[in-house]
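In: Sequence first, then the predicted structure, then my questions.
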Amino acid sequence: MKYLFLLGTALAVSTPALADDDGIVVTALREPTPVTQVGQSVSVITRDEIERTQATTATDVLARLPGVSTVQSGGFGQPASVFVRGAENAQSLVLIDGVRINDPGDVGGGFDFGTLPIGQFDRVEVVRGSSGVLWGSRAVGGVINLITARPTEEWTARGQAEYGWRDRRQASVSAAGLVGPVGLTLGGNWMKGHGFSAFNERRGATEKDGFESKGANARASIELAPGLSADAGGFYTKANYDYDNTGADALNVGMKRDTLGYANLRYAGLDGRLNARVGYGLNDSRRISDDAVFGPYITNGRAERFEGQASFAPIEAASILVGGETEKQKFDDNFGSRDSTRIDSLFANLTVHPLAGLTLNGGLRYDDNSDFGDRTTFAANGAWVIGTGADAPILRASYGEGFKAPSLYQLYTNAGFRSLDPETSRSWDVGVEQPFAAGMGRFTLTYFDRRTRNLIDYDLASFNYYNVGKARAQGLELGMQVMNWQGFDLNLAYTYLDARNTITGTRLARRPQSNLYASLDKGWDLGLKLGADLRVGGGRYDDTANTQYVDGNLVVGVRAAFAVTPMIEVYGRVENLFDAHYEEVRRYGTPGRSAYAGVRVKL
């Protein structure tokens, strides 16, 4: 009842705003598409929104979205999971500039968000719902695409430095522009701090678990001939951190390193009706967990990928996208586990506009996994803009099927029990988006339902991975946003989630049943900005048997910023203003009241 009251209060004081500044998204259909023609639920976070909320990590940004919840086993550097509509962390595909960065050496082939700052990125797109037909087996829950800045004719640059609680220091820089015919994007990020104990300090921990993270990104593009261009880039991040055991302080240390490289050759012709691309991507990861008693555990993952796609619009009312991919994954650890797998895929998607304002998308995918055979999946979605004008409502609906084979880690570290079946899923959603205030506001309401067979989970009693026969996640997403309405920016994201093992009736671990985020910011012409946010996390079970319950939490933050000149802004914030005591993962700590201050420079 308390959460329902808070939701009602937020609804009463909030007015919606735009999540996107240009109305174009690239993630939903693998090519630039007006968001009004996408039948899936999409959120876009721009650099302006990242700076306004003073977010420092990727999880800070993602936790503010409807349908998304995050958990972290301690502070920066510790394992962090993102659940999109209750799907496992490994069931959401993570991209950087459209290139997969999911870790082949991860437990489920997912991506650990625990060491990923947001400073290097210019934009984030999140597609909720199964996107496996276009993006492959890991996109059961959705797709998260982190995008760096693109060069313009004039060079642009920005820098930021911040200092705060427990000696946390952070600095990031980014620049983009042209050097002759070559477009360049460069960026870097550094963060270091004493941190706080991963094992909850309020349970008696005294040792701080510090961290240091370094990252860099680069991209270059060039037009080789009219309509023909090439681009290549890379992303690198490395983090060293301390960590604890579940029940006590420990002098454990860890390291995570991710390296991503890619290259593309692109062609656009026939007055924009034909677009084609061939590309190569390489993702290499290394993880070290050095236990003070038992010594290090080291894993290495590597994924090499070739892909190609082409889209053609023979008439204005229809277009078709076809493509193929081949990926080889490798995994090894320092205990002798070593293996590889390969998956070859073909996909196609047809888009038609049968009526004014109506867009229909339908696609098929064929996957051939070297260990688990072949599978064909289907997806369809539609968007209908009813009427004309900035305040015309949009109806959306989608259906998608998913197929995900067990990861190499799950297969080859699963001592004594290696008979795992692939996960399969069927999901659908339906929703409405109502713009208002001359298009400056958005209200969205979406119902979703996903049923999964053979969900892979871990049994703490037998220390093995096993298949959950049937699981279901269903719920409601509510979003309201307003951008620069009489100087106000407002945001509301609420999720109700019922995620269960349908055979036992128990709730899936670490998924809160309700989640609320609300924020209000106000700016004045003199350059002053003030803001506050409210985060209400529902209670959750920390184990699959539902015997260990973690209470919900309520956290408030406030912030301020002032533009000293058009190019320089100083800012500060207080997180967890009322010093709430809570846990997201049982026995692991969360930050208490903390303050930060910094400066931004834009050129």
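Out: Thanks, I have it. Bear in mind the structure is a predicted one, so any value in this text is a computation, not a measurement. Numbers count the residues shown, from 1 in each chain.
In: what residue is smack in the middle of this structure?
Out: Computing the C-alpha centroid of the chain and ranking residues by Cα atoms, centre = their mean puts residue 144 first, at 3.8 Å.
In: Could I get the contacting residues of that one?
Out: 62, 82, 84, 92-95, 124-126 (Cβ atoms under 8 Å, 6 or more residues apart in numbering). (Glycine included, C-beta is placed from N, CA and C.)
In: Measure how buried the closest residue to residue 172 other than its chain neighbours is and give me the count.
Out: Leaving aside its sequence neighbours, residue 172 sits nearest to residue 119 (Cβ to Cβ, 6 or more residues apart in numbering; 3.1 Å). Applying other Cβ atoms under 10 Å, we find 23 other residues in the vicinity of residue 119.
In: secondary structure element for residue 108?
Out: Using DSSP states H and E, residue 108 is not contained in any helix or strand.
In: Spit out the contact partners of it.
Out: Applying Cβ under 8 Å, 6+ apart, the residues contacting residue 108 are 88-91, 407, 409-410, 456.
In: cool, and residue 184?
Out: The neighbourhood of residue 184, defined by Cβ under 8 Å, 6+ apart, consists of 151, 175-178, 218-220.
In: Which pair of the residues you listed spans the longest distance?
Out: 178 and 218 (14.9 Å; Cβ to Cβ).
In: would you list every one of the helices in the stretch 301-450 of the chain?
Out: Listed in chain order, the helices of the stretch 301-450 of the chain (DSSP state H, counting those that start in this stretch) span 408-412.
In: Low-confidence stretches in it?
Out: 414-418 (pLDDT under 70).
In: got it, and the stretch 1-150 of the chain?
Out: 1-22.
In: Do you have the strands of it handy? List them.
Out: 24-25, 33-34, 41-46, 68-72, 80-84, 92-96, 99-100, 123-128, 142-147 (DSSP state E, counting those that start in this stretch).
In: Kindly report the same for the stretch 201-350 of the chain.
Out: Using DSSP E, counting those that start in this stretch, strands in the stretch 201-350 of the chain cover 211-225, 228-243, 252-269, 274-291, 295-315, 318-333, 338-355.
In: so the second one versus strand 211-225, what angle?
Out: Direction vectors for strand 228-243 and strand 211-225, defined by axes from the mean of the first three to the mean of the last three Cα atoms, to 10 degrees, enclose an angle of 180 degrees.
In: Neighbouring strands - and their directions - for strand 228-243?
Out: Paired with strand 228-243 in the same sheet, following DSSP bridges, are strand 211-225 (antiparallel), strand 252-269 (antiparallel).
In: Report the distance from it to the chain centre.
Out: Relative to its chain's centre, strand 228-243 lies at 16 Å (Cα atoms, centre = their mean, to the nearest Å).
In: Also stretch 299-313?
Out: The chain centroid and the centroid of stretch 299-313 are separated by 19 Å under Cα atoms, centre = their mean.
In: buried stuff in it?
Out: 299-305, 307, 309, 311, 313 (16 or more other Cβ atoms under 10 Å).
In: Now the host helix or strand of residue 186: average pLDDT?
Out: Taking DSSP H and E as the criterion, residue 186 maps to strand 182-193. Taken as a whole, strand 182-193 carries a mean pLDDT of 96.
In: Can you dump the C-alpha atoms of that strand in CSV for me?
Out: The C-alpha trace of strand 182-193 is given here as CSV (Å, rounded to 0.1, in the frame of the first residue of the first chain):
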residue,chain,number,x,y,z
VAL,A,182,38.1,11.2,-42.0
GLY,A,183,35.5,11.5,-39.2
LEU,A,184,37.0,10.7,-35.8
THR,A,185,35.5,10.0,-32.4
LEU,A,186,37.8,9.7,-29.3
GLY,A,187,36.9,9.2,-25.7
GLY,A,188,38.3,8.1,-22.3
ASN,A,189,37.2,7.6,-18.7
TRP,A,190,39.0,7.1,-15.4
MET,A,191,37.5,6.5,-12.0
LYS,A,192,39.1,5.5,-8.7
GLY,A,193,37.9,5.4,-5.1
